[in-house]
Structures are given as structure tokens and as C-alpha cells.
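Student: Test case, fold it:
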Amino acid sequence: MDNLSSYVLPDGSLNGGKLWRREPLYQGMNGKVVERFYPSPERSYIFKPLTNAESMDREAWIYRHVLNLFPPVYPRLLASSEKGAGEAGWSVFEDLGPLRHEYSVELAIEVVKQMAWWHAFPESHWKDLNGQGNKPPIEQISMSLKTRRDEVDALLEEAGSTMRLDGLLRGLAEGEAFLGIRVLSHGDLHLGNYAKGEDGKLYIIDWEHVHMNSPFWDLYHLIDMSHPLFPKTLPLSERERLLGYYLKQSAFHGLNWDRNDFIIAYCYFAALFSLWMLLLISGDLKRGDSVWPEARLRAQRSETMDSLIGCLVRLSLVNDDRDSSSQQPRAAGGEL
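Tutor: Next comes the predicted model:
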């Protein structure tokens, strides 16, 4: 077995002089690059430097205290820097080979099945887990949207909706029962963080953002979160199918929720999150300083708008039903 730490310099970068070959895989938000490296033609590993300051020492802790309970749907952690390495922190993982980050509803269903399992752990089981995800909680997102009300309502008009921000916020508040539930969350479960391996198995990667959150957090990232490097198209029927399958799997693990109420509450959550994402993308486009190419950002914006429209259409059907019911003549005694 290689002494993997010998391939890493004190500053947390790879020692290229000791390697046969290295291949960049992707760049983190701080500019550091995740790489596949080969000590020899026969052996390869994945090197991951610290890609954001919030996850210092975190992924190794997650592997020791959380993923040790999971089925093997993640790459094995083979070595990591000592605790307290700070900006020089790093990890080395087994190389799963080329991963196919190609969206299909069948693959997403496999992720949902695993997700429902890890969501079923009682909150008390994770009492030693601290920290938040790499994005603000939905309550903070909602407050941020309020400060940019005119821009948000302009986005809703662009989406062809008669709904406005206040109505979405009221709808989110009505789903407070679901927001109050806290489950173990992967934290960043977009298409770039799950894939099929060469062996045909599902693998879920990048666990450094694990934290406690609403079940909607993982579901939104899986179903409606867009990413510049991993485009996907989601028909309205697939959103319903994935949410329905999640509820079925949750019931199998002893968690039972009303299907209609859950889906409606999810759509309010997802619509607000998508609006916030659209504002972020617009800001990146205006500044022109994003790590992502402009064409990728514009594609991401289009995908996020489509997700927003899908959720708003679902909510409009609910509101139409309510309006229709309120206009029905009532019989004596006040009953329909």
C-alpha cells in the first residue's frame, strides 16, 4: 500500500515530482483543483485539497462518525491531513474510475432510496454533528428575497406567474411542520455529486457539507438544483414521481406524511430557493467574475427558470382548486 501522505507537500498540494501522471478533474470555488493522480501506470487515486474554508477537517470527520454507518455508496477515504491543517488540508480517496454524471429519473430514484434511508435516522442520533451547509438556510434565503422584492416579482412575471413573493412566503409558512423536521442532509446533492461508476453502481461523493436540515434540502438539490457543469432537464411528471417515491420509501422506514401537503410544501420551498438561485446567477452574469463561463451560466439560468416554472405551475393548480372549492354553493348547515 502506498504511503499516500508522501505524495502531498506541506502546503497541501500534490508533489508532482513523485508522480507518473496527474489529471485535473474540477476546480473548487477557491481555485484549488481536485485531481486524479498516478504514482505509477497501475495505480491511481483521487486527491482533494481543501476547496472551501467552511469544510476544514470536516469531510474526514464525516467519514469517521457518519459514513461508517452507511452502505458503500461513497468512495473510500484512504488518507487525510492531520486535524488543524487549515488551508493546507487535503484528502485522498479511492479512484472509482470515470463517473457518469448523466441525469436519468432511474438514477435519481436510486439516490432517493438511499436518501430516505439516511433521513430516517432520528435527529437525536446526530447530536454531535455541528455546522451548516454551504448555502444559507431557507429562512435566511426568504429574508434575503424580501430585501429584493421588486427583482423577485419581476422574475415571477418572467415565469408567467400571477403569484408574488408574499404569497410564496405565506405558502412556505403553511408548510412549517415539514420545515421543522430536521434530518441528516448530504448538503450539496446536485448532479455533480452522484453518478454511476464503471461497475454500474451508484456512488455519492463530496460529503463535507453534511448537516441537519429539512428533508426538502436534499430533495431540492437532487430534483431542482441546477449546476453550470451538469445540465439536466426535468419534466413536471418526474418531479411528482421522485417526490412520491421518496414518500413511499419514507413510509417504509416509519415516516409517514400526507402526499399532497408534502408536495405542495416542497414546491413552495423549491420556488423560493430557485428565485434566490436566479438572483445569484444574475449577479454572476452582471459582474462577469464567475469561475464558470458565461454560456454555462446562461444555461444554468434557463434550467433554474424552468424549475421555477414547474413548481409555480403545480402551485397554481392547487390555488385554482381552492378557488373553485370556495365558489361552490353550500347546502343548508354549511356543508358542501
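Student: So Asp2 is in contact with Phe37, correct?
Tutor: No. At 10.5 Å, Asp2 does not count as touching Phe37 under the criterion of C-beta atoms under 8 Å. Yep, even glycine has a C-beta here, placed from its N, CA and C like the rest.
Student: hang on, Pro39 in a strand?
Tutor: Yes. Judged by DSSP: H, G, I helix; E, B strand; the rest coil, Pro39 forms part of a strand.
Student: list the contacts for it?
Tutor: For Pro39, the contact set (C-beta atoms under 8 Å, 6 or more residues apart in numbering) comprises 2, 7, 18-20, 45.
Student: Please produce a PyMOL select command covering the buried subset of those.
Tutor: With 16 or more other C-beta atoms under 10 Å as the criterion, this PyMOL line picks the buried residues out of the contacts of Pro39:
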select buried, resi 7+45
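Student: Please narrow the contacts of Pro39 to those residing in strands.
Tutor: When the contacts of Pro39 are checked against strands (DSSP state E), the matches are Tyr45.
Student: Turn the contacts of Pro39 into a markdown table, including distance to Leu247 and pLDDT.
Tutor: As requested, the contacts of Pro39 are arranged in a markdown table below (distance: C-beta to C-beta, whole Å; pLDDT from 0 to 100):
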| residue | distance to Leu247 | pLDDT |
| --- | --- | --- |
| Asp2 | 45 | 79 |
| Tyr7 | 46 | 95 |
| Lys18 | 51 | 92 |
| Leu19 | 48 | 95 |
| Trp20 | 49 | 96 |
| Tyr45 | 39 | 97 |
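Student: what about the longest helix in the protein?
Tutor: Assignment by DSSP state H gives helix 294-326 as the longest helix of the chain.
Student: what's the helix or strand for the nearest residue to Glu303 once chain neighbours are set aside?
Tutor: Leaving aside its sequence neighbours, Glu303 sits nearest to Ser226 (C-beta to C-beta, 6 or more residues apart in numbering; 4.2 Å). Assigned by DSSP states H and E, Ser226 belongs to no helix or strand.
Student: tell me, what's touching Asp2 and Phe37 both at once?
Tutor: Shared contacts of Asp2 and Phe37, defined by C-beta under 8 Å, 6+ apart, comprise Tyr45.
Student: Mind pulling up the pLDDT for Gly187?
Tutor: The confidence metric pLDDT takes the value 96 at Gly187.
Student: doesn't Leu278 fall inside a strand?
Tutor: No. Going by three-state DSSP, the assignment for Leu278 is helix, not a strand.
Student: Contact partners for it?
Tutor: 155, 301, 304-305, 308.
Student: rerun that using 6 Å as the cut-off
Tutor: Residues in contact with Leu278 (C-beta atoms under 6 Å, 6 or more residues apart in numbering) are 155, 304.
Student: Against Ser226, how distant is it?
Tutor: Per C-beta to C-beta, to the nearest Å, Leu278 is found 10 Å from Ser226.
Student: Would you mind grabbing the residues shared as contacts by the two?
Tutor: By C-beta under 6 Å, 6+ apart, Leu278 and Ser226 have these common neighbours: Thr304.
Student: end-to-end on stretch 193-207?
Tutor: Chord length of stretch 193-207, first to last residue, is 9 Å (C-alpha to C-alpha, to the nearest Å).
Student: Just the mean pLDDT for it, thanks.
Tutor: Mean predicted lDDT for stretch 193-207 stands at 94.
Student: Next: stretch 229-247.
Tutor: Across stretch 229-247, the average pLDDT comes to 94.
Student: Please tell me how far it is from the chain's geometric centre.
Tutor: Here the centre of stretch 229-247 is set off from its chain's centre by 13 Å, with C-alpha atoms, centre = their mean, to the nearest Å.
Student: Now tell me what touches stretch 262-275 from outside.
Tutor: Outside stretch 262-275, the residues that reach it (C-beta under 6 Å, 6+ apart) are 145, 152, 155, 168, 171-172, 175, 178, 216, 220, 224, 243, 304, 307-308, 311-312, 314-315, 318.
Student: Could you give me the PyMOL selection string for whichever of those residues are buried?
Tutor: Only the buried entries of the contacts of stretch 262-275 go into this PyMOL selection, using 16+ other C-beta under 10 Å:
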select buried, resi 145+152+155+168+171+172+175+178+216+220+224+243+304+307+308+311+312+314+315
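Student: Which parts of the protein are strands?
Tutor: For the chain, the strands defined by DSSP E occupy 21-27, 33-40, 43-49, 77-80, 90-94, 183-185, 194-196, 202-204, 211-213.
Student: looking at the ones you listed, which is closest to Glu294?
Tutor: When the strands of the chain are compared by C-beta to C-beta, strand 21-27 sits nearest Glu294, at 16.5 Å.
Student: picking up where we left off before, please identify the buried residues of the longest helix of the chain?
Tutor: Under the neighbour-count criterion of 16+ other C-beta under 10 Å, helix 294-326 has 297, 300-301, 303-312, 314-315 buried.
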